[in-house]
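**Q** Following is a predicted model, sequence given first.
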Amino acid sequence: MKAKFLVPLALFLLLVGFLGFGLSLNPREVPSPLIDKPAPAFTLARLDQPAQTFALDEMRGQVWLLNVWASWCVACRQEHPVLVELARRGIVPIVGLNYKEVRGDGGLDARGMALDAETGLAIERARGWLRAHGDPYQLSVLDIDGRVGIDFGVYGVPETFLIDREGRIRYKHIGPVTPDNLQNVLIPKIEELKRAS
Amino acid sequence: MRADRPVFVRYLMAPLFAAWVAVMVPGALHAAVEPGTAVPLVADPALEAEVLELSHKLRCLVCQNQSIAESNAPLAIDLRNQVREQLAAGKGKDDVLEYLVDRYGDFVLYEPPFKATTFLLWGGPALLLFGGAGWLAFRLRRRAREAAAEPHLTDAERARAGALLAGATPAAADQSSAEEPRS
């Protein structure tokens, strides 16, 4: 074996390869176990008509996006114009999941607040925010305590789920959707799901 | 000014201060709480102990190097409440863990489960240990074989070495070995 001295070098390069690959991964993006699984069912009060509820099943037969947002979420403001533009193009219906509007806000102390009062405040804040920044949502629902968020494995806002006609989650985007994400990832996936029927 | 004082004064002050703290602070605490009146902070300490035990096994997804027992991120608090609620409802510990793994994936567990994709993670150290031990044994045995196969010293060489060790000059040693025929 003439090239025996090269063995440590080869092992070293292999290690560098693995470490380099590891560096390219984003530890903040935890892969969701819910991909290709049925979206967790929920029934929540609507933001526009709080007396009425919206259930996940109502979207059956459509390809749609579930966008998790809150008025206190800074990154949501960043992605919002992208969603408004997407809604304007009418490619896909977007349902908003307003996540812990009041108790998620670090600047507020919601402990001891009655649920009715909290819901009222949440509606006021969320509607005000949509008036100020535009409303890309077909409708939004109120997840006051974040329970539905837990069912969807939400661990940060914003997150966006792509759900197919059968109500299965097909893709999860963590963090703000950028125009680049939208054009190169989301829209191709949406078109693909729309074609497959 | 402090710096003008002799150094030993500063060394003296620290233990004095520590002694003062040791005497005064427990006294102050005792004054606040009467002995024998300590009440548990939670209604059900046994449940809380289980919640804590499980919480230490679960990773906070927001601050990823903390368990949900340690973290005070809002999500960690929500998840602790979930754990508490489900345990209180009579669910087993494994059920609660499964509930969270179903939603957040294996990453939520501090101790990754043993399965095909984590085989190297769990088996890697053992593989390295036994692989290394096997390689070492192989090398040692080969070296022993090679040593056995190497030519031994002839009698003449042995005699010369003996002479050298006994203190003879190299030339004298050569002579003494030259007298004996090489085998």
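**A** Everything's here; your move.
**Q** where does chain A dip in pLDDT?
**A** Scanning chain A for pLDDT under 70 picks out A:1, A:197.
**Q** What degree of burial does the residue of it at minimum distance from chain B show, as a neighbour count?
**A** Closest residue of chain A to chain B, Cβ to the nearest Cβ: A:Tyr155 (3.6 Å). Any C-beta I mention is one placed from the backbone N, CA and C, and that applies to glycine too. Look at A:Tyr155: counted by other Cβ atoms under 10 Å in any protein chain shown, it has 25 neighbours.
**Q** Give me the pLDDT value at the closest residue to it other than its chain neighbours.
**A** By the measure of Cβ to Cβ, 6 or more residues apart in numbering or on different chains, the closest residue to A:Tyr155 outside its immediate chain neighbours is B:Leu61, 3.6 Å from it. In this prediction, B:Leu61 carries a pLDDT score of 88.
**Q** same question, B:Gln66
**A** 90.
**Q** before we move on, back to that, so who does the residue of chain A closest to chain B touch?
**A** A:30, B:61-62, B:75, B:104 (Cβ atoms under 8 Å, 6 or more residues apart in numbering or on different chains).
**Q** at 10 Å instead, please
**A** Applying Cβ atoms under 10 Å, 6 or more residues apart in numbering or on different chains to A:Tyr155 gives the contacts A:28, A:30, A:32, A:149, A:174, B:60-62, B:64, B:73, B:75-76, B:78-79, B:103-104, B:107-108.
**Q** can you tell me how far B:Leu164 sits from B:His152?
**A** 18 Å (Cβ to Cβ, to the nearest Å).
**Q** Between those two, point out the one with more neighbours.
**A** More crowded of B:Leu164 and B:His152, by other Cβ under 10 Å: B:Leu164, with 16 against 7.
**Q** Surely B:Val51 and B:Ala88 touch.
**A** Yes: judged on Cβ atoms under 10 Å, B:Val51 makes contact with B:Ala88 at a distance of 8.9 Å.
**Q** who has more neighbours, those two?
**A** B:Val51 (24 against 12).
**Q** How about the secondary structure of that one?
**A** Put simply, B:Val51 is helix when judged by DSSP: H, G, I helix; E, B strand; the rest coil.
**Q** Could you tell me which residues of chain A lie near chain B?
**A** A:27-28, A:30-35, A:37, A:40, A:100, A:103-106, A:145-147, A:149-156 (Cβ under 10 Å from any Cβ of the partner chain).
**Q** Quick check, pLDDT for B:Glu179.
**A** B:Glu179 is assigned 55 on the pLDDT scale.
**Q** ignore the last one, B:Leu29
**A** For B:Leu29, pLDDT reads 51.
**Q** Over to B:Glu34?
**A** Among the per-residue scores, B:Glu34 shows a pLDDT of 58.
**Q** can you check the one 3 residues further on too?
**A** pLDDT recorded at B:Thr37 is 67.
**Q** before we move on, what about B:Ala19?
**A** pLDDT, B:Ala19: 65.
**Q** do B:Thr169 as well
**A** So, for B:Thr169, pLDDT stands at 79.
**Q** ok, it - how many residues close by?
**A** Quick note: B:Thr169 (other Cβ under 10 Å) scores 10 neighbours.
**Q** next one: A:Leu19
**A** So A:Leu19, with other Cβ under 10 Å, has 9 neighbours.
**Q** How about B:Ala46?
**A** By other Cβ under 10 Å, neighbour count at B:Ala46 equals 8.
**Q** Distance check, it against chain A.
**A** The gap separating B:Ala46 from chain A is 25 Å, by Cβ to the nearest Cβ, to the nearest Å.
**Q** Noted, bye for now.
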